[in-house]
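In: Got a sequence here, can you model it:
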Amino acid sequence: MKQLKAVLLSFVLGGAIGMWLGVNIGREVPLYSNPFNTKSLNQKIKDVTGETLEKGGHALEKTGQDLQDKLKH
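Out: Sure, this is the predicted structure:
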(Lines give C-alpha, C1' and ligand atoms only; values in the text may rest on other atoms or scores of the structure.)
Protein backbone atom coordinates (compact mmCIF):
# COMPACT_ATOMS: atom_id res chain seq x y z
CA MET A 1 0.00 0.00 0.00
CA LYS A 2 2.89 2.36 0.75
CA GLN A 3 4.29 1.79 -2.71
CA LEU A 4 0.97 2.59 -4.35
CA LYS A 5 0.71 5.87 -2.41
CA ALA A 6 4.26 6.77 -3.39
CA VAL A 7 3.59 6.02 -7.06
CA LEU A 8 0.35 8.03 -7.08
CA LEU A 9 2.00 10.94 -5.29
CA SER A 10 4.85 10.85 -7.81
CA PHE A 11 2.38 10.95 -10.71
CA VAL A 12 0.45 13.85 -9.19
CA LEU A 13 3.57 15.89 -8.45
CA GLY A 14 5.13 15.04 -11.82
CA GLY A 15 1.93 16.00 -13.62
CA ALA A 16 1.66 19.30 -11.75
CA ILE A 17 5.28 20.22 -12.45
CA GLY A 18 4.93 19.10 -16.07
CA MET A 19 1.82 21.25 -16.56
CA TRP A 20 3.57 24.24 -14.94
CA LEU A 21 6.56 23.95 -17.26
CA GLY A 22 4.45 23.06 -20.31
CA VAL A 23 2.25 26.13 -19.98
CA ASN A 24 5.30 28.37 -19.65
CA ILE A 25 6.96 26.76 -22.67
CA GLY A 26 3.78 27.24 -24.70
CA ARG A 27 3.60 30.91 -23.74
CA GLU A 28 7.33 31.37 -24.42
CA VAL A 29 8.05 32.79 -20.96
CA PRO A 30 10.78 31.78 -18.47
CA LEU A 31 10.19 28.25 -17.18
CA TYR A 32 9.88 29.09 -13.50
CA SER A 33 7.58 32.09 -13.90
CA ASN A 34 3.96 32.04 -12.74
CA PRO A 35 1.85 30.22 -15.37
CA PHE A 36 -1.31 31.98 -14.15
CA ASN A 37 0.16 35.44 -14.77
CA THR A 38 -1.16 36.79 -18.07
CA LYS A 39 -0.06 39.84 -19.98
CA SER A 40 -2.37 42.80 -20.03
CA LEU A 41 -4.10 43.67 -23.27
CA ASN A 42 -2.01 46.83 -23.58
CA GLN A 43 1.23 44.85 -23.31
CA LYS A 44 0.05 42.33 -25.92
CA ILE A 45 -0.82 45.16 -28.32
CA LYS A 46 2.58 46.80 -27.77
CA ASP A 47 4.38 43.52 -28.44
CA VAL A 48 2.47 42.79 -31.65
CA THR A 49 2.82 46.38 -32.90
CA GLY A 50 6.55 46.41 -32.22
CA GLU A 51 7.07 43.13 -34.05
CA THR A 52 4.98 44.33 -37.02
CA LEU A 53 6.90 47.59 -37.30
CA GLU A 54 10.21 45.77 -37.08
CA LYS A 55 9.23 43.31 -39.84
CA GLY A 56 7.99 46.18 -42.00
CA GLY A 57 11.25 48.05 -41.50
CA HIS A 58 13.28 45.02 -42.55
CA ALA A 59 11.11 44.52 -45.64
CA LEU A 60 11.46 48.19 -46.59
CA GLU A 61 15.22 48.04 -46.10
CA LYS A 62 15.48 44.92 -48.28
CA THR A 63 13.36 46.52 -51.01
CA GLY A 64 15.55 49.63 -50.97
CA GLN A 65 18.67 47.49 -51.22
CA ASP A 66 17.20 45.57 -54.18
CA LEU A 67 16.35 48.84 -55.94
CA GLN A 68 19.89 50.13 -55.42
CA ASP A 69 21.30 46.90 -56.83
CA LYS A 70 19.05 47.22 -59.92
CA LEU A 71 20.12 50.79 -60.54
CA LYS A 72 23.82 49.82 -60.35
CA HIS A 73 23.43 47.27 -63.17
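
In: now the helix or strand where residue 53 lies, how far from the chain's geometric center?
Out: Counting by DSSP states H and E, the element that carries residue 53 is helix 41-72. Taking CA atoms, centre = their mean, to the nearest Å, one finds helix 41-72 lying 21 Å from the centre of the chain it belongs to.

In: One more: stretch 36-44?
Out: How far stretch 36-44 lies from its chain's middle: 13 Å, per CA atoms, centre = their mean.

In: Check stretch 63-73 too.
Out: Using CA atoms, centre = their mean, the offset of stretch 63-73 from its chain centre is 36 Å.

In: got it, and stretch 33-51?
Out: Between the mean C-alpha point of stretch 33-51 and the mean C-alpha point of its chain there is a distance of 10 Å (CA atoms, centre = their mean).

In: What pLDDT is listed against residue 60?
Out: pLDDT recorded at residue 60 is 90.

In: Great, nothing more from me.
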